[in-house]
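Trainee: just to be clear, the model below is a prediction. Sequence and coordinates:
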Amino acid sequence: MLAEVLSPLADQPDALGPKGFRGDDGTPVPGTDVIAACDAILPSMVERDPEWAGWCSVLVNINDLTAMGATPVGLLDAVGAPTRAQLTRVIRGLSDAAKAWQTPVLGGHTQVGVPASLSVTALGRTDHPVAAAGGQVGDVVWLTVDLGGGWRPGYHGTQWDCTSSRSTTELAQMARFVSETRPAAAKDVSMAGITGTLGMLAEASGTGAELDVAAIPIPAAADMGSWLTCFPGYAMLTADRRNLAPAGGPVTSAACGLLTPEPGVRLRWPDGEVTVAVASSVTGLGAA
């Protein structure tokens, strides 16, 4: 469980984020309007598909800032590769993504002659960050997702690429979704998939969740089993009592669930059967 691994940090002030933001997509930097986020890419992915790894290192960080309602202002990268050629390919992918989202790489650390590695830190700004922990029992769960694109070659069923074909204008519209709609709670769908990410939002909010499978937006080229567990490129889970305004840009929004008193995540299928997708907590960090 993640909480056990992170336990040495527990006695530090504001460890893992200020109260209400513990374990969130990004963390407010105390005393500022800055939001910081950091993501590492699997070394096997950096080795196998360097340009895509570079692209995704920016994508996942921008998604983190989006979920916090923050505007991106800059990136820092730490990249290593065994050869100069592979290093160049990683940085090319990172650079292409930074240009697409118009977010500069401000600096970082670069090594060659070492095992493949890549992590990126993103900085954004907002006066009113949106926490994953803001949900309450009875809130409606919404999924806002880009259904365009298709499975990334070599990652069928696990990684959906909807962003590499989008224009800068479209990407900017999607990145403003949370800041413009101001839901009570928000979390971007990560490698944990829709069910795992909803489990993290519910855990942080001190609730559980139930998803109506028939109401979940899904691309025609995906099956529901893969879609619930894959990395979907751009997807935001939000929770609120209000009917949120439609998202701008090339995305689809749908109300597809509720936050519930019982911990974990349950799936209600079209035939009425209910199955358990997440039995209790995802991270073990508990309510934020």
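Mentor: Here it is on my side, so go on.

Trainee: now do the contacts for Leu259.
Mentor: 135-139, 141, 202, 205, 207-209, 239 (CB atoms under 8 Å, 6 or more residues apart in numbering). Yep, even glycine has a C-beta here, placed from its N, CA and C like the rest.

Trainee: out of these, list just those in strands.
Mentor: The members of these that map onto strands under DSSP state E are 141, 208-209, 239.

Trainee: for this structure, which spans come out with low pLDDT?
Mentor: Within the chain, the segments meeting pLDDT under 70 span 1-3, 245-248.

Trainee: middle-most residue in it, spatially?
Mentor: Centroid-nearest residue in the chain: Asp188, 3.2 Å away (criterion: CA atoms, centre = their mean).

Trainee: circling back to that earlier point, put the buried members of the contacts of Leu259 into a PyMOL selection.
Mentor: Applying 16 or more other CB atoms under 10 Å to the contacts of Leu259, the buried members can be selected in PyMOL as follows:
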select buried, resi 135+139+141+202+205+207+208+209+239
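
Trainee: before we move on, the earlier item: got the contact list for the residue nearest to the centre of the chain?
Mentor: 25, 60, 63-64, 66-67, 197, 235-237.

Trainee: again, only using 6 Å
Mentor: 25, 63, 67, 236 (CB atoms under 6 Å, 6 or more residues apart in numbering).

Trainee: kindly report the same for Gly31.
Mentor: Contacts of Gly31 by CB under 6 Å, 6+ apart: none found.

Trainee: do you know how far it is from Gly225?
Mentor: 45 Å (CB to CB, to the nearest Å).

Trainee: Gln159 too?
Mentor: Counting by CB to CB, the separation of Gln159 from Gly225 is 15 Å.

Trainee: which one's more surrounded, the two?
Mentor: Gln159 (19 against 9; other CB atoms under 10 Å).

Trainee: need the residues that contact stretch 103-122.
Mentor: 37-38, 40-41, 43, 46-47, 53, 57, 61, 65, 72, 74-81, 84, 87, 98.

Trainee: for the ones in strands among the contacts of Leu259, which one is nearest Ala220?
Mentor: Checking the ones in strands among the contacts of Leu259 against Ala220 with CB to CB, the nearest one is Val141 at 22.9 Å.

Trainee: so the closest one sits against Ala254, correct?
Mentor: No - in this structure Val141 lies outside contact range of Ala254 using CB atoms under 6 Å: 9.8 Å.

Trainee: can you give me the strands in the stretch 101-250 of the chain?
Mentor: With DSSP state E, counting those that start in this stretch applied, the stretch 101-250 of the chain shows strands at 105-112, 117-125, 140-145, 150-151, 160-161, 185-188, 208-212, 235-240, listed in chain order.

Trainee: just the ones you listed: most buried one?
Mentor: Among the strands of the stretch 101-250 of the chain, the stretch with the highest mean neighbour count (mean count of other CB atoms under 10 Å) is strand 185-188, at a mean of 28.

Trainee: from the chain's centroid, how far away is that strand?
Mentor: In terms of CA atoms, centre = their mean, to the nearest Å, the gap separating the centre of strand 185-188 from the centre of its chain is 8 Å.

Trainee: that one pairs with which strands, and in what direction?
Mentor: strand 235-240 (antiparallel) (DSSP bridges).

Trainee: name every strand pairing with the following helix or strand past the partner strand and say which way it goes.
Mentor: Toward the C-terminus, strand 235-240 is succeeded by strand 252-260 as the next helix or strand (DSSP states H and E). Paired with strand 252-260 in the same sheet, following DSSP bridges, are strand 140-145 (antiparallel), strand 208-212 (antiparallel).

Trainee: how about those strands in a markdown table, adding distance to Ala288?
Mentor: Shown next, in a markdown table, are the strands paired with strand 252-260 (distance: least, CB to CB, whole Å):
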| stretch | distance to Ala288 |
| --- | --- |
| strand 140-145 | 17 |
| strand 208-212 | 15 |
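
Trainee: for the longest strand along the chain, which positions count as buried?
Mentor: Using DSSP E to define each element, the chain has its longest strand at strand 71-81. Using 16+ other CB under 10 Å as the test for burial, strand 71-81 gives 71-72, 75-81.
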